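Enquirer: kindly return the folded structure for what I paste below:
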Amino acid sequence: MRDSIRAKLLLPLAMIRVFHNNRQLLGLGLFVLLFLGIPLKQGNCQFLDLQLQVDSELRATTEQPLNFGTLSTNSGLVEIRLGAVNMGIFSIRALENQNLLIALNTPAELSHDNPAIKESIPLNLETRYGYSPQNYQASSMLPESGNSITVAPTDGQGPWSTFYIFVYGSIEIGDIPEGTYSDEIFLSVEYF
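Expert: You can find the predicted model right below:
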């Protein structure tokens, strides 16, 4: 076993001698190898436990769907006003002071669930955003598509802030067949 250790120690010295013909470098190489080969006294080590919690950077949730309820044919104009119990609400959790690009794709009409029925209900929606689902009066207009908002800090959530997007509006119900009319509102939120 000793011969195999000696062979391992002699190989680096031979390489140093071939590539460098300098005695000081050879002496330094020998010193380093001997120093590394001497067993050292075991020292005391200290360890620090590290724990990280990683959250997603951005979270959007549908808090309440927009719901016009059950209506009859030829009802005319039906409105859901800002603050009504059946307005749509999205919540968005994001880092404070971040700029967000928000795109809300809303349909222009509601289609019948039966694809054979071509009649639809015209839909006109508006959106606002605020930092409290109850205090919708303090909300602001959501910028047009392609614009951004800066997330304001809120109390008690650390570096995170939650804000809400309120969706409300009106439909016009004419002489249309009975059935369920629906569509989806797509919310896209990105940091930039």
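Enquirer: can you pull out the low-pLDDT segments for this protein?
Expert: Segments of the chain classed as low confidence (criterion: pLDDT under 70) are 1-57, 145-146, 157.
Enquirer: list the buried ones in whichever strand in it runs longest?
Expert: In the chain, ranked by residue count with DSSP state E as the criterion, the top strand is strand 160-173. For strand 160-173, the buried set under the neighbour-count rule, 16 or more other CB atoms under 10 Å, comprises 160-169, 171, 173. No exception for glycine: its C-beta is placed from N, CA and C like everyone else's.
Enquirer: let me know the closest of those residues to Ile80.
Expert: Within the buried residues of strand 160-173, the smallest distance to Ile80 is 4.9 Å, found for Tyr168 (CB to CB).
Enquirer: pretty sure that closest one contacts Leu66?
Expert: Yes: the pair Tyr168 / Leu66 is scored as a contact, 7.4 Å apart, by CB atoms under 8 Å.
Enquirer: can you pull the residues that touch both of the two?
Expert: Common neighbours of Tyr168 and Leu66 (criterion: CB atoms under 8 Å, 6 or more residues apart in numbering): 80, 87-88, 125.
Enquirer: adding distance to Tyr129, write the buried residues of strand 160-173 out as TSV.
Expert: Shown next, in TSV, are the buried residues of strand 160-173 (distance: CB to CB, whole Å):
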residue	distance to Tyr129
Trp160	16
Ser161	12
Thr162	11
Phe163	6
Tyr164	6
Ile165	5
Phe166	7
Val167	10
Tyr168	12
Gly169	15
Ile171	22
Ile173	28
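Enquirer: thinking again about what came up before, among the shared contacts of Tyr168 and Leu66, which ones are in strands?
Expert: 80, 88, 125.
Enquirer: sorry, back to before: which neighbouring elements make contact with the longest strand of the chain?
Expert: Counting by 3 or more CB pairs under 8 Å, 6 or more residues apart in numbering; DSSP states H and E, the packing neighbours recorded for strand 160-173 are strand 76-80, strand 88-95, strand 99-105, strand 120-130.
Enquirer: quick one, the last one and strand 76-80 angle?
Expert: With axes from the mean of the first three to the mean of the last three CA atoms, to 10 degrees as the basis, strand 120-130 and strand 76-80 are set at 20 degrees to each other.
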